[in-house]
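Undergrad: Got a sequence here, can you model it:
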Amino acid sequence: MNASLPDWMKTEEAYQPTHDADGFITQTSLQLMGVLARARHKGSADVHRGASASFKLLLTFYLLVLLALAQNSFFALVVLAGLLIRCCFLPGKTLKTVMGAALGGAFLSILLLLPSVFLGSPKSMLTISFKVFLSVGLVNLLSVTTPWNRLTESLRFFHVPDLFIFTFDITLKYIVLLGEVCLHMLDALRLRSVGTNKHKGKAFSGIMGTAFLKSRAMAEEMYGAMVCRGFEGEYASLQKPKLTAFDLLPLTVMIAMTVLFFYLEGKI
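TA: Purely as a prediction, here's the structure:
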């Protein structure tokens with residue numbers, strides 16, 4: 001029995017899908033991956049052999065307060081020198097993240113305060129923009145050198161209520177989990193999109209609706225797990241905080257900056 005292929009199976013398929021702009025999906029995926037990469041960041045190599053997260057957080061907050069209160073520009077220059085010295089020991093990619101965010105904050109403040117130049121107060125614009133640059137740089141330096149779980153754990157050192165720590169910690173973790181869900185759905189939408197999609201808003205709302213339902217299901221699962229394990233809202237620390245030799249550096253910097261601040265402000 002001789003079997004022959006039908007003619008329609010012998011013809012070549014010359015299907016050319018119509019061009020459709022998928023820049024929205026591409027840009028959304030790239031931005032989402034960037035956020036997830038920063039959220040999953042575990043800190044640099046000096047996390048385990050440097051100062052504890054509690055003293056890093058205390059030093060950063062203390063410097064931010066002194067910067068806001070300082071009226072002498074030399075104090076801000078000293079903070080800038082310390083920030084640049086610390087940034088010299090960072091990897092190139094991490095340094096780009098810190099400086100990029102700091103420059104972005106300073107540029108935004110310049111745009112907002114630009115009318116003050118025409119009102120006769122250019123010095124105010126420069127001073128505030130410079131302080132914004134330093135403040136954003138200090139906060140980003142803390143962020144890239146300290147894991148998020150260490151920061152949330154360090155809040156117990158300042159006697160922050162456990163309910164606040166729990167809410168903050170769970171929020172950060174679920175941002176990553178729900179972000180991964182949205183990223184997978186965006187990839188699936190791109191792979192299944194053939195031709196022109198004239199209802200991109202409907203597809204995007206479907207992703208948001210699915211993410212909401214997924215978050216609700218995950219919340220119920222987490223609540224059930226907490227009930228089964230007898231969670232009472234208290235964080236039990238496995239290791240007691242100990243003062244190490246590395247913690248003396250932030251304390252020394254705080255004392256030195258305090259003396260310099262009061263000296264420059266004429267309090268001493």
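
Undergrad: For the stretch 151-268 of the chain, which segments count as helices?
TA: Using DSSP state H, counting those that start in this stretch, the helices of the stretch 151-268 of the chain run over 162-192, 200-228, 248-264.

Undergrad: Name the surrounding residues that touch stretch 51-71.
TA: 50, 75-76, 79, 131, 134-135, 138-139, 141-142, 145-147, 150-151, 153-154, 157-158, 241, 244, 246-247, 249-251, 253-254, 257-258, 261, 264-265 (Cβ atoms under 8 Å, 6 or more residues apart in numbering). For every residue, glycine as well, the C-beta is placed using N, CA and C.

Undergrad: Where does pLDDT dip in the stretch 151-268 of the chain?
TA: Scanning the stretch 151-268 of the chain for pLDDT under 70 picks out 193-201, 235-242, 267-268.

Undergrad: Now with 50, please.
TA: Nowhere does the stretch 151-268 of the chain drop to pLDDT under 50.

Undergrad: sorry, back to before: reformat the helices of the stretch 151-268 of the chain as JSON lines; add mean neighbour count.
TA: Shown next, in JSON lines, are the helices of the stretch 151-268 of the chain (neighbours: other Cβ atoms under 10 Å):
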{"stretch": "helix 162-192", "mean neighbour count": "14"}
{"stretch": "helix 200-228", "mean neighbour count": "12"}
{"stretch": "helix 248-264", "mean neighbour count": "14"}
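
Undergrad: okay if I get those as CSV plus distance to L90?
TA: Formatted as CSV, the helices of the stretch 151-268 of the chain follow (distance: least, Cβ to Cβ, whole Å):
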stretch, distance to L90
helix 162-192, 22
helix 200-228, 34
helix 248-264, 17
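
Undergrad: and of the ones you listed, who's closest to M125?
TA: Relative to M125, the nearest member of the helices of the stretch 151-268 of the chain by Cβ to Cβ is helix 248-264, separated by 21.8 Å.

Undergrad: Contacts for the closest one next, please.
TA: 51, 55-56, 58-59, 62-63, 66, 69-70, 72, 74-75, 78-79, 82, 268.

Undergrad: Would you list the buried entries among those?
TA: Buried residues within these, counting neighbours by 16 or more other Cβ atoms under 10 Å: A51, F55, K56, L58, L59, L63, L66, A70, F75, V78, V79, G82.

Undergrad: Farthest-apart pair in those, please.
TA: Comparing all pairs in the buried ones among the contacts of helix 248-264 by Cβ to Cβ, the longest separation belongs to A51 and A70, at 23.6 Å.

Undergrad: how does the chain divide up, domain by domain?
TA: 51-146+242-268, 149-188+203-237 (automatic domain parsing).

Undergrad: Of all these, which one is nearest E13?
TA: Among these, domain 149-188+203-237 sits nearest to E13 (Cβ to Cβ), with 24.5 Å.

Undergrad: how distant is that closest one from the center of its chain?
TA: 16 Å (Cα atoms, centre = their mean, to the nearest Å).

Undergrad: G105 versus V117, what's the distance?
TA: 19 Å (Cβ to Cβ, to the nearest Å).

Undergrad: out of those two, which sits in the more crowded spot?
TA: G105 (19 against 14; other Cβ atoms under 10 Å).

Undergrad: Please, which helix or strand holds that one?
TA: Assigned by DSSP states H and E, G105 falls within helix 92-113.

Undergrad: do the same with S143
TA: S143 belongs to helix 122-145 when assigned by DSSP H and E.

Undergrad: Buried residues, that helix. List them.
TA: Judged by neighbour count using 16+ other Cβ under 10 Å, the buried positions of helix 122-145 are 125, 127-145.

Undergrad: Check what contacts that helix and list those residues.
TA: Taking Cβ under 8 Å, 6+ apart as the rule, helix 122-145 contacts 38, 41, 43-44, 46-47, 50, 56-57, 60, 63-64, 67-68, 73, 76, 79-80, 83, 86-87, 90, 94, 97-99, 101-106, 108-110, 113-114, 116-117, 151.

Undergrad: Just the buried subset of these, please.
TA: Here, 16+ other Cβ under 10 Å leaves 41, 43-44, 47, 50, 56-57, 60, 63-64, 67, 76, 79, 83, 90, 94, 97-99, 101-102, 105-106, 109-110, 113, 151 buried among those.
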